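S.K.: Whatever this is, show me its structure:
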Amino acid sequence: MSKGIFAKWAPIYRDRGLEPRPVKLGNKACFEKGWTKPDSEVSPEVLGRTLIKRASYGIGLRMGTPLLGGGHLGALDIDNDDYVRISKVLMGNPPCMRIGKKGVVIFARIISNLPNSTFKVKRDGLPDIQVADCLFDKKFCVIPPTIHPGTKKPYRWIGTPLHKLNFDLLPVIGE
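M.R.: Reported below is the predicted structural model:
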């Protein structure tokens, strides 16, 4: 019998110093109590029990995790396909992105204490277009190979998967 997504991938990400969290299949959020706490504030027993209890769940990462070499893991969630190309250019052709149904998530190294925020484009007489969400601290980002609830297909990496990436190559936000 093969391992579930969370059971297989959580130890790999934890070994890289990241903080994986389970996501119930069919969802895009983590509903585990206390998921926003850093792993350093959670006992190894609780982390181990979660790995067993939620073995078949999908996987996501807690944003704001400290990275070796400084900064924290963050992401720009580009929600609108029309803004993906310009976002890639502005972020300097990022080496690690994730795609689900639309847009992309661009992973980055966050240097300053920046707020989580949403960017919208205002249009005269038309509804605003949400372009991006800044997932910088205590936010959650679903990662591959979790199944997207809308497409019923796995999220996928564009470029180097985060678990294989030298974090020094991530674009820097906040300098």
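
S.K.: What segments of this protein are helices?
M.R.: Secondary structure of the chain by DSSP state H: the helices cover 5-15, 44-53, 84-90.

S.K.: Helix or strand, whichever it is, which one in the chain has the lowest mean pLDDT?
M.R.: Across the helices and strands of the chain, mean pLDDT, DSSP states H and E gives its lowest value to strand 118-123, namely a mean of 77.

S.K.: where in this structure is pLDDT low?
M.R.: In the predicted model, the chain carries pLDDT under 70 at residues 1-2, 175.

S.K.: those strands in it, which residues are they?
M.R.: Ranges of strands in the chain, per DSSP state E, are 20-23, 58-62, 72-78, 96-99, 104-110, 118-123, 126-135, 140-143, 156-159, 172-173.

S.K.: that older thread, what's in contact with the least confident helix or strand of the chain?
M.R.: Applying CB atoms under 8 Å, 6 or more residues apart in numbering, the contact partners of strand 118-123 are 128-134. In this view, the C-beta of every residue, glycine as well, is placed from N, C-alpha and C.

S.K.: residues touching the most far-flung residue of the chain relative to its centre, list them.
M.R.: Residue farthest from the centre of the chain, counting by CA atoms, centre = their mean, is residue 125 at 33.9 Å. Taking CB under 8 Å, 6+ apart, we find residue 125 in contact with no residue.

S.K.: just the one 5 residues further on next, same as before
M.R.: For residue 130, the contacting residues are 79-80, 118-120, by CB under 8 Å, 6+ apart.

S.K.: repeat that with 10 Å
M.R.: Listed by CB atoms under 10 Å, 6 or more residues apart in numbering, the contact partners of residue 130 are 77-80, 83, 103, 118-121.

S.K.: are any of the residues you listed buried, and which?
M.R.: 77-80, 83, 103, 119 (16 or more other CB atoms under 10 Å).

S.K.: In a markdown table: the strands of the chain, plus distance to residue 7.
M.R.: Below are the strands of the chain laid out as a markdown table (distance: least, CB to CB, whole Å):
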| stretch | distance to residue 7 |
| --- | --- |
| strand 20-23 | 9 |
| strand 58-62 | 9 |
| strand 72-78 | 22 |
| strand 96-99 | 20 |
| strand 104-110 | 23 |
| strand 118-123 | 33 |
| strand 126-135 | 25 |
| strand 140-143 | 15 |
| strand 156-159 | 20 |
| strand 172-173 | 32 |
